[in-house]
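K.L.:
from the sequence below, what's the structure:
(2 chains)
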Amino acid sequence: SAVISQKPSRDICQRGTSLTIQCQVDSQVTMMFWYRQQPGQSLTLIATANQGSEATYESGFVIDKFPISRPNLTFSTLTVSNMSPEDSSIYLCSVPRDNWVKTQYFGPGTRLLVL
Amino acid sequence: QKEVEQNSGPLSVPEGAIASLNCTYSDQGSQSFFWYRQYSGKSPELIMFIYSNGDKEDGRFTAQLNKASQYVSLLIRDSQPSDSATYLCAVNYGGSQGNLIFGKGTKLSVKP
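P.N.:
Below is the predicted model:
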């Protein structure tokens, strides 16, 4: 199984600021995914980050608010820009499990509180 | 709009009982179905997956799938306090690892 780490694990930020979350995986993967889990809610896919191309954003999420970098096959960053209290959430990165079991491994998550 | 529905709970069962968790999905073309366990403050962990109609057993866990009714369930036998967590149902609707839709989860509490 893939080992995924995220930094920071948690943060408290002021509204109007930006936070960059890092995701590192211990093996090379083509796709990395970024999710948001708001309090009491399920996981919502923000975007898919492919190495060497622009990230693909889901409906309701835009690059200006959530810019993503994918400089290589083991690393990605998600920035939450111009934060508001509504951005308080858990942000998770994930990677594909394998070609047989078509699901994902999840990182430990970044718990963000915006004041 | 593809949707996955779960009762939010909480579902409370006594230790040693069977816990039954249910999930319905809207996309008839969905092929793969997953149950994740998420402990409070932790990330989701895959515990079961099922592709074919019927039952699939793994230890104390049984996943059940009925594609005609668009219904997936998870049974936990001999429930333990350590099973207390939120259980997320996920459905892969497109065949790629990225095509997952998650339910909101059912919170299970197993009382000693």
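
K.L.:
beta-bridge partners for the closest residue to A:Thr74 other than its chain neighbours, please?
P.N.:
Of all residues not flanking A:Thr74 in the chain, A:Val25 sits nearest, at 5.3 Å (CB to CB, 6 or more residues apart in numbering or on different chains). Every residue, glycine included, has its C-beta placed from N, CA and C. Beta-bridge pairing for A:Val25 (DSSP bridges): A:Ile4.

K.L.:
at the contact with chain B, which residues of chain A appear?
P.N.:
Residues of chain A lying close to chain B (CB under 8 Å from any CB of the partner chain) are A:31, A:33, A:40-45, A:48, A:92, A:96-97, A:101-109, A:111.

K.L.:
give me the residues contacting the helix or strand bottoming out on mean pLDDT in chain B.
P.N.:
None of the helices or strands of chain B scores lower by mean pLDDT, DSSP states H and E than strand B:100-102, at a mean of 91. Applying CB atoms under 8 Å, 6 or more residues apart in numbering or on different chains, the contact partners of strand B:100-102 are A:42-45, A:103-104, B:2-4, B:25, B:27, B:34, B:36, B:88-93.

K.L.:
about what we covered before: next step: the residues of chain A next to chain B restricted to strands.
P.N.:
Within the residues of chain A next to chain B, residues falling in strands by DSSP state E are A:Met31, A:Phe33, A:Leu43, A:Thr44, A:Leu45, A:Thr48, A:Leu92, A:Pro96, A:Gln104, A:Tyr105, A:Phe106, A:Arg111.

K.L.:
under the pLDDT cut-off, which ranges of the chain? List them.
P.N.:
With no chain named, the answer covers chain A. Scanning chain A for pLDDT under 70 picks out the ranges A:99-100.

K.L.:
let's do chain B instead
P.N.:
Judged by pLDDT under 70, the stretches of chain B that qualify are B:95, B:97.

K.L.:
and with 90 instead?
P.N.:
For chain B, applying pLDDT under 90 flags the ranges B:1-2, B:7-9, B:27-31, B:40-41, B:52, B:92-100.

K.L.:
enumerate the residues of it near chain A.
P.N.:
So chain B meets chain A at B:4, B:8, B:32, B:34, B:41-46, B:49, B:88, B:90, B:92, B:95-100, B:102-105 (CB under 8 Å from any CB).
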